[in-house]
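Undergrad: From the sequence below, what's the structure:
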Amino acid sequence: RSFIQSNLRMASSLLSRMLRLQLPLPFYVITWWAGSVLYALILNTLPVPPNPWAFSVLTTTLILLVPGCLGLVTKLENPTDYPSNRVIGVCNMLNIWSVVLGNLLIGGSATYYLKLGEPLVVLLVEVMVYGKRSLTREHSRNGAISVLLLVIFHSTSLYLAPGRGDSKNFFHHGTIIALISIVSVAIKVVLGAKRSNGSMDKNTSVSLFLYRSGVGLRCVLVAAVLTLIIDREPETPDMPMSVNPDMPMSALSNMAAALPALITIAITQNMYNYASLVVNKRKLAGEYVNGKIIKRTLVIVALFLSSHYSKSASHTVETSNENFMASSASRISFNSMSNSSFGEELPVSRERIVLFGAMARHNFGDILMGEIFDQNLRNFCDISHYDVFFADVLPRDMREYGVRSVRGITEFMDSSIRTHVVHVGGQTGHISLQHAIRYIDPDPEHPILKTNSWKKFSANPEKTLGYIVSKAFFDNPGAFITNTIGNISPRAEEVLADFDFVTTRDIIKDEYEGARVFAPDSVITIKNLFGEKIAAHKPEYSNYIAVQFRKKQRNTTEIAGQLARLVKETGYGVVLFRAGAAPGHDSLELYRRVVGEMRAAGVSDNVHVFTGLDIWDISSLIAHSELSIGTSLHVRIVSFAFSVPRVTFNAKSKQKNMIANWDFGAMVCQQEDTTADQIFETSKAALECLAYKTEANSAKAVQMYRNVFRDMITATRICPET
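TA: Numbers count the residues shown, from 1 in each chain. Next comes the predicted model:
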């Protein structure tokens, strides 16, 4: 301990000597302002972690770590200086923490806008501590300027807020965070500033900076330790610290993901904080606050320019770490809603084909439908004379899942270019626009939401369908078709009456006989289209059973017991994976619970949780398995396409329809869906029935879909030569 203390004293003394040089005041003012702007800009680029509260505590600890450790052995000149500097140290720590948290929850612009109210609080604290006589003209002027700037920047801050918190909790979070920061800064300013009577702190700026940092570090360390204890991500074998869409991910792993940015933030914050202390020490409180007003204005303007440039350049800031990228996606808060597509100029010379569906959220089946229809169409005829786009209700960059970005459907509505729309499929025939938006959870300030076409489309979100879009919304609609959609509602029936061709995977009611075509889900053609690509994504596992189940399956003990029996019986391993990471889909938390319960049942080897979300990795995991077990329709369909024995449990009507009408292997084996308590018996039977592995069964369904596809495209005249 004495060795550490002596080395810390030596480092503190060396730093003090290095910084003892008395540079001109303007140097510190410029450093203070420039450092503040840089700090705000970098901080505002951090992706929102699953637990911003824990993340902000650990980030504050990192910022204070180096100066705080040196401050633990720093002594002040006068014993009477300690109480006020301890208070300042705590306030400094609270200010750092609240600014970091504010940036994560409500955005940098909103945070710094609210902090424009600081001069008013400084006035109040000044009077409370030193009385009315201590007030100067600068105090009064700064208070008036503060009120004026709050009014001026009100609309700006609303425009710039990155939507990191929804509008319902903005005022609540913003007020609490701003009050903590504002009061902390006001106390720092009043207690730390030069007094008009000439009294001034005799300590060097370096010793004050280090001592106060040490006080702040002591306080935040307690919170950091508690955070590390409470906010731990459970670890199990073969599960790296990774993305968890259904439970808060470890804040420590989030920090490791963004470490380069955080180190830069720590350096910048300490640099400008030291310069701020020097200015505060040399200037009266009122004069110092004048400098803070200028600093706040510079920061807000810088954030505005940064945001404006980002939008005009159609550029979304990305981190280089996959954990953070996947984390943002798994929350489906979709703050990275694709500026990379929206705002880019659409071609204006050629007709368009828009492949439209629920592709801006992670459900591997829905995402696959667009890719599969596109490839089927290109194989069927030459569409080089069209511009082809993928679209959802709102835009999103989906490249991290192995596919392309999608645009917002309203981008194509107010256009004189003829636009053909293919509703690519899925259980989307009943989803309202309001429900679709809730899944995407868009940034309320996204530019597309301010367009006339969006306002027209979303005028009645409860009644307007999200994924059965009417021709009436388009200025120049072409052919409108549906590709094996499901769960068609009465409202959808009205819209579909104007479509050129309607296919569905649902049983057709008598009154619609002849008006639509019953067909297998298009994903059945995946092996023929993407077999080589999927083979190239071969998983690292072998001799395993691929297992998936949706979040609503809460009886993990039953599932774990059935799987444990199956492993003991067959000798195969188990790989649990997600078919969807959107809200309400699959849960890593439940999967990890199953792993623990399988251990309790005596199975601990060769049991894995696959955390990847790339749709080709998921497809390959299913295709290379010995048996697939799941609740997802498209887990069943991909298994069928690759002739993998398959078990579907706790099925809904869409799974039952597929098994009864298109899974010819299941028909031969005389198997239907099952329940969780029958997984073992049904799986044994599936593994023993050779019809499941007969490729002719899936080939038959593929040909049936292709016949329907030919009729669909011919009827729409998208390929007139056919």
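
Undergrad: For stretch 600-617, buried residues please.
TA: 601, 603, 606-613, 615-617 (16 or more other C-beta atoms under 10 Å). Quick note: C-beta positions are derived from backbone N, CA and C, even for glycine.

Undergrad: Show me the strands in the stretch 451-600 of the chain, by range?
TA: 477-485, 501-504, 517-518, 544-547, 573-576 (DSSP state E, counting those that start in this stretch).

Undergrad: Revised request: answer the last question for the chain.
TA: Applying DSSP state E to the chain gives strands spanning 352-356, 387-392, 407-408, 419-423, 477-485, 501-504, 517-518, 544-547, 573-576, 607-609, 627-630, 646-648.

Undergrad: closest to Trp53 out of those strands?
TA: Set against Trp53 and scored by C-beta to C-beta, those come closest in strand 607-609, at 26.3 Å.

Undergrad: Next one: Glu233, what pLDDT does it get?
TA: pLDDT recorded at Glu233 is 45.

Undergrad: Ok, Ile182 next?
TA: For Ile182, the model assigns a pLDDT of 80.

Undergrad: give me the number of residues near it?
TA: If you count neighbours by other C-beta atoms under 10 Å, Ile182 ends up with 22.

Undergrad: and what of Arg418?
TA: Arg418: 15 surrounding residues under other C-beta under 10 Å.

Undergrad: Relative to Leu687, how far out is it?
TA: Here Arg418 is placed at a distance of 52 Å from Leu687 (C-beta to C-beta, to the nearest Å).

Undergrad: re earlier: mind putting the strands of the stretch 451-600 of the chain into TSV with mean neighbour count, distance to Gly584 and mean pLDDT?
TA: Formatted as TSV, the strands of the stretch 451-600 of the chain follow (neighbours: other C-beta atoms under 10 Å; distance: least, C-beta to C-beta, whole Å; pLDDT from 0 to 100):
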stretch	mean neighbour count	distance to Gly584	mean pLDDT
strand 477-485	24	20	94
strand 501-504	22	23	94
strand 517-518	18	28	90
strand 544-547	24	19	97
strand 573-576	24	18	97
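
Undergrad: Can I get those strands in CSV including distance to Lys463?
TA: Listed next are the strands of the stretch 451-600 of the chain as CSV, based on distance: least, C-beta to C-beta, whole Å:
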stretch, distance to Lys463
strand 477-485, 19
strand 501-504, 21
strand 517-518, 27
strand 544-547, 39
strand 573-576, 39
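
Undergrad: Where does the prediction get shaky in the stretch 51-200 of the chain?
TA: Within the stretch 51-200 of the chain, the stretches with pLDDT under 70 are 77-81, 133-175, 193-200.

Undergrad: The same query, at a cut-off of 80, please.
TA: By pLDDT under 80, the weakly predicted segments of the stretch 51-200 of the chain are 51-52, 73-82, 104-124, 126-127, 129-178, 186, 188-200.

Undergrad: What segments of it are helices?
TA: 52-71, 82-105, 108-114, 118-130, 137-152, 154-160, 167-192 (DSSP state H, counting those that start in this stretch).

Undergrad: Stretch 574-591: which residues count as buried?
TA: Quick answer for stretch 574-591 (16+ other C-beta under 10 Å): 574-583, 585-588, 590-591.

Undergrad: Same question for stretch 398-406.
TA: Met398, Glu400, Tyr401, Gly402, Val403, Arg404, Ser405, Val406.

Undergrad: check contacts around the residue nearest to Val279 when sequence neighbours are not counted.
TA: Nearest in space to Val279, with sequence neighbours left out and distances taken as C-beta to C-beta, 6 or more residues apart in numbering, is Tyr28 at 5.3 Å. Tyr28 sits next to Ala275, Val278, Val279 when contact means C-beta atoms under 8 Å, 6 or more residues apart in numbering.

Undergrad: ok, back up a step: closest one of the buried residues of stretch 398-406 to Ala623?
TA: Closest to Ala623, out of all of the buried residues of stretch 398-406 and judged by C-beta to C-beta, is Gly402, at 14.7 Å.

Undergrad: Backbone dihedrals for the residue lying closest to Arg550 once chain neighbours are set aside, both of them.
TA: Once flanking residues are discounted, Arg550 sits nearest to Thr631: 4.8 Å by C-beta to C-beta, 6+ apart. Thr631 adopts backbone torsions of phi -110, psi -10, taken as degrees, to the nearest 10.

Undergrad: Is it correct that Thr631 is in contact with Thr648?
TA: Yes: in terms of C-beta atoms under 8 Å, Thr631 counts as a neighbour of Thr648; the distance is 6.8 Å.

Undergrad: Give me the more crowded residue out of these two.
TA: For Thr631 and Thr648, the more surrounded residue by other C-beta under 10 Å is Thr648, and the numbers stand at 26 against 22.

Undergrad: Between the buried residues of stretch 398-406, which sits nearest Thr45?
TA: Glu400 (17.4 Å).
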